[in-house]
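K.L.:
sequence and predicted structure are below.
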Amino acid sequence: MEQQKTNPGALQSPMSGSINTPSGAAQALLQSPGVAQSLINNSGTTAYHPLHKNPGVGQQLMTNPGAGSQPYISNPGANHQGYMSKPSTASQALMKASPNASQALIRADRGGMLSMSDDNVMLKQILSTHAPDGREVDVRPLLYLVEDILNRATHHVDFLVKGTTAQLEIEERAQQANFIAMIEALTYTIDRIAIELSYKALGGSDAHATTTAIFNLLTSYTWDAKLVLALSAFALNYGEFWLLAQIYSTNQLAKSMAILKQLPSILEHTAPLKPRFDALNNLIRTMMDVTRCVVEMKELPSMYISQDSPALATAITHIPTAVYWTIRAMVACAAQITSLTSMGHEYGISTTESWELSTLAHKLKNIHEHLRQQLNYCYQYIEERKDVETFQMLLNLFDPNVLHIDNMRVLKALIYARDDRLPLLDGATKRQVGLDVLRRKNVLLLISSLEFSSDELAILEQIYNDSRVHATRLESQYEVVWIPIVDRSVVPLPEEMMTKFENLRSTMPWYSVVDPLLIEKPVIRFIKEFWHFRTKPILVVLDPQGKVVSPNAIHMMWIWGSTAFPFTSLREEALWREETWRLDLLVDGIDPMILNWIKEGKYIFLYGGDDIEWVRRFAAQARSVASAARISLEMVYVGKSSKREKIKKVTATINLEKLSYAWQDQAMVWFFWTRLESMLFSKIQLGRADDQDPMMLEIKKLLSYDREGGWAVLSRGSNVVVNGHSTTVLPALSGYEEWKVNVPEKGFDLAFKEYHDKLHDVAHPCCRFEFPITTRIPDRMRCPECRRVMEKYTTFICCHDEQGIPGSLF
């Protein structure tokens with residue numbers, strides 16, 4: 001056939017310029033003046049609409065304007081290679097499956113354009129013309145150009161009807177497209193189709209016959225190329241029509257051509273023609289929607305989805321039908337425009353043809369909806385395959401046996417792999433930066449949800465800023481990057497969530513990810529499965545080569561601050577070997593006043609709980625004993641790890657009644673208990689939770705006492721004398737008269753300790769620990785009071801009773 005004179009090899013030639021204006025867009029396709037000339041030469045010919053001349057197939061257009069929209073997809077398990085394969089395979093596969101597809105389409109349209117039998121005949125006829133010769137045409141650049149022409153033309157119609165000649169500014173989508181050679185190779189075919197559209201419309205040919213003739217011109221092309229080439233031809237005619245309408249009043253040549261086409265007469269009657277223009281615009285936009293879907297399906301990456309995949313196989317089955325009806329719609333639109341230019345505005349006032357266009361638009365919308373649905377299934381399938389691939393890549397990157405030159409591959413895999421944007425925000429300068437600022441540095445990944453408490457953030461910021469004061473010190477040679485973890489089930493993120501993210505990010509002095517959606521789903525899965533992130537922040541440490549040297553250094557940071565650099569597990573072990581059970585360990589870095597008392601060698605009672613009556617009795621009894629024993633005693637109330645509001649009230653009462661010294665800042669209370677819990681979690685992480693050294697035993701006792709009422713720790717200077725529960729410490733103080741006789745011989749410290757330990761052996765207060773857990777309970781649950789995400793715990797409890805715990809849930 002004549003269209004095979006195109007030269008596939010010429011498609012590689014680059015384009016020398018860009019298309020920046022509507023007129024330039026039209027000229028890029030106007031390589032052959034024959035199209036425009038044919039329109040001008042035939043402008044005076046009397047036209048009969050194809051449906052007026054032929055009451056056969058086309059007459060079905062007027063049967064049911066209210067056609068239903070039931071799904072036309074009927075064979076989801078089909079496997080057809082014909083869309084992009086050899087002619088014989090294509091014809092055989094589609095001929096087998098497409099009749100079912102066309103029947104479903106007819107059922108969906110219920111009395112639409114063709115009867116069921118006619119539609120089967122039509123489909124077989126169209127499939128018989130399909131014999132692609134194997135050449136591949138990249139139609140995307142051409143589609144961009146066609147979209148630009150049609151978008152400007154359809155928008156321009158709206159502007160004219162509204163009485164304005166303002167031109168809508170549309171960003172050029174084909175500025176850098178290299179397709180001059182493609183235009184040269186395809187111009188002959190595009191011109192032939194354009195002439196077919198305009199000539200057959202003038203002659204009043206049957207719409208189906210014209211559509212079939214166009215398919216015959218496109219025999220050797222794939223389905224997506226057929227559609228884009230046909231749409232290009234239609235855009236050539238339609239764009240010329242509205243280009244003249246736009247400039248005829250200022251350009252004499254255009255004015256003369258416009259007179260031949262009766263444009264002045266048409267444009268003087270824009271209001272009566274509005275239904276016609278609205279119907280044309282609606283149908284043209286639907287044609288473009290279907291074309292985009294077909295092109296997108298052709299462009300699906302074969303490495304992630306094959307034509308055997310059910311979603312794609314089903315979609316491919318319906319491609320011939322979609323292409324047919326889209327080209328059929330182009331024929332109808334061309335007939336409408338030709339009728340306007342040949343018969344004048346009187347022809348356009350009739351609503352019959354507008355209804356015809358609306359019926360076609362309805363049918364194409366049904367087709368588009370189901371193609372788009374199948375395409376979305378394909379995208380979902382591809383995304384799942386990519387997620388699996390990314391997750392496996394992360395497993396390989398973080399394999400302990402894999403060595404890296406630097407940390408760039410690891411950071412790109414976790415944060416953002418492409419180079420088209422700067423993924424980090426520098427908290428110091430508030431400027432966006434690339435990942436290169438982290439190259440070959442120790443990087444601490446601060447991973448958290450958006451439920452980041454102000455206490456945590458304030459303490460972390462203080463530790464970080466303190467380390468920056470002496471930037472040349474070894475402890476300062478690290479960078480922190482905030483990795484926010486958000487629920488990706490709703491994209492784009494709600495405005496409320498984005499506002500919370502931006503507010504949090506604005507307070508951070510370190511690097512942050514600029515957009516939480518940069519963190520992909522497989523990365524979040526990896527963080528949760530391998531670094532055990534739940535809701536509380538974690539601090540994953542990467543060395544300069546990107547190797548994980550600590551899965552969570554947040555505990556080290558709370559206990560020792562930047563002194564724990566480089567935050568490795570080996571460093572953590574070394575720091576623990578240097579520690580002993582002393583008061584400094586509990587209050588280090590929190591309250592300088594206590595540190596001064598320690599230096600002075602004073603007796604210090606550190607106590608807590610939420611029972612104000614016990615607090616009153618304890619404070620009074622402690623002062624009484626100190627006075628009787630003539631020792632210098634200081635007392636500090638440090639609250640409780642939970643019940644913040646109640647602790648505030650207890651603190652206010654202590655201050656009002658001057659019972660003792662109490663921490664006013666709740667951040668200090670939070671940090672005290674967080675450090676204490678971190679000591680236990682640090683040991684758990686190191687696999688040393690059950691170490692029997694005295695230090696860990698005392699830490700466990702203190703954490704347990706906090707869950708079971710009040711407690712008190714007595715020290716002399718830094719040396720801890722007693723760590724006791726409320727049920728034993730207060731009775732021990734109250735029994736001063738019994739053990740004071742031992743003070744002269746044994747000293748106050750030992751006398752008090754021996755008496756307390758006797759009471760402890762009798763009382764045996766319960767011990768209880770709570771740990772976050774994620775098994776056999778909902779993944780997340782919000783508090784019914786404050787709506788925050790609740791922490792999940794499993795409880796270990798022992799009351800030293802062989803009969804078990806009365807009323808226990810375990």
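P.N.:
Looks like it arrived, so ask away. Residues are numbered from 1 along each chain as shown.
K.L.:
what's the average pLDDT for the helix or strand harbouring residue 149?
P.N.:
Using DSSP states H and E, residue 149 sits within helix 140-161. When pLDDT is averaged over helix 140-161, the result is 71.
K.L.:
just stretch 649-661 next, same as before
P.N.:
Per-residue scores along stretch 649-661 average to 92.
K.L.:
got the buried residues for it?
P.N.:
Neighbour counts over stretch 649-661 (16 or more other Cβ atoms under 10 Å) mark 650, 651, 654, 659, 660, 661 as buried. From N, CA and C alone the C-beta is placed, and that goes for glycine too.
K.L.:
mind listing what the fourth one touches?
P.N.:
Taking Cβ atoms under 8 Å, 6 or more residues apart in numbering as the criterion, residue 659 is in contact with 615, 616, 619, 620, 635, 637, 653.
K.L.:
which residues are contacting the helix or strand hosting the last one?
P.N.:
Residue 653 belongs to helix 644-657 when assigned by DSSP H and E. Applying Cβ under 8 Å, 6+ apart, the contact partners of helix 644-657 are 610, 612, 615-616, 619, 637, 639-640, 659-660, 662-664, 666, 669.
K.L.:
ok, back up a step: just after the helix holding residue 149, pick out the following helix or strand.
P.N.:
In N-to-C order, the element after helix 140-161 by DSSP H and E is helix 180-203.
K.L.:
low-scoring stretches of the stretch 51-200 of the chain, by residue?
P.N.:
51-119, 155-179 (pLDDT under 70).
K.L.:
could you redo the last one with a cut-off of 80?
P.N.:
For the stretch 51-200 of the chain, the stretches with pLDDT under 80 are 51-120, 122, 152-185, 199-200.
K.L.:
just say helix, strand or coil for the spatially most central residue of the chain.
P.N.:
In the chain, the centroid-proximal residue (Cα atoms, centre = their mean) is residue 517; its distance is 4.1 Å. Under the three-state scheme (DSSP: H, G, I helix; E, B strand; the rest coil), the conformation of residue 517 reads as helix.
K.L.:
hmm, it is touching residue 493, no?
P.N.:
Yes - judged on Cβ atoms under 8 Å, residue 517 makes contact with residue 493 at a distance of 6.8 Å.
K.L.:
what is the helix or strand where residue 525 lies packed up against?
P.N.:
Assigning secondary structure by DSSP H and E places residue 525 in helix 521-530. Applying 3 or more Cβ pairs under 8 Å, 6 or more residues apart in numbering; DSSP states H and E, one finds that helix 521-530 contacts helix 352-397.
K.L.:
need the residues touching each of residue 517 and residue 493.
P.N.:
In contact with both residue 517 and residue 493: residue 486, using Cβ under 8 Å, 6+ apart.
K.L.:
tell me which residues touch the residue nearest to the centre of the chain, please.
P.N.:
So residue 517 contacts 486, 488, 491, 492, 493 (Cβ under 8 Å, 6+ apart).
K.L.:
per-residue confidence for it?
P.N.:
93.
K.L.:
what does stretch 286-305 rub up against?
P.N.:
83-84, 139-140, 143, 147, 150, 222-224, 227-228, 231, 311-312, 315-316, 319, 322-323, 325-326, 329-330, 333, 361, 364-365, 367-368, 371-372, 375, 378, 381-382, 385-386.
K.L.:
filter those to the buried ones?
P.N.:
Buried, going by 16+ other Cβ under 10 Å: 83-84, 139-140, 143, 147, 150, 222-224, 227-228, 231, 311-312, 315-316, 319, 322-323, 325-326, 329-330, 333, 361, 364-365, 367-368, 371-372, 375, 378, 381-382, 386, out of the contacts of stretch 286-305.
K.L.:
check which helix or strand covers residue 607.
P.N.:
Take DSSP H and E as the rule and residue 607 turns out to sit in strand 603-608.
K.L.:
just residue 460 next, same as before
P.N.:
helix 454-469.
K.L.:
partners of whichever helix or strand comes after that helix in the sheet?
P.N.:
Moving toward the C-terminus from helix 454-469, the first helix or strand encountered (DSSP H and E) is strand 479-484. For strand 479-484, the paired strands and their directions (DSSP bridges) read strand 443-448 (parallel), strand 511-513 (parallel).
K.L.:
what's the closest of those to residue 500?
P.N.:
strand 443-448 (12.0 Å; Cβ to Cβ).
K.L.:
what lies in contact with the closest one?
P.N.:
Strand 443-448 has contacts (Cβ under 8 Å, 6+ apart) with 407, 411, 414, 460, 478-485, 510, 527, 531, 533, 536-542, 553, 567.
K.L.:
so residue 636 sits in a helix?
P.N.:
No - under three-state DSSP, residue 636 falls outside any helix and is assigned strand.
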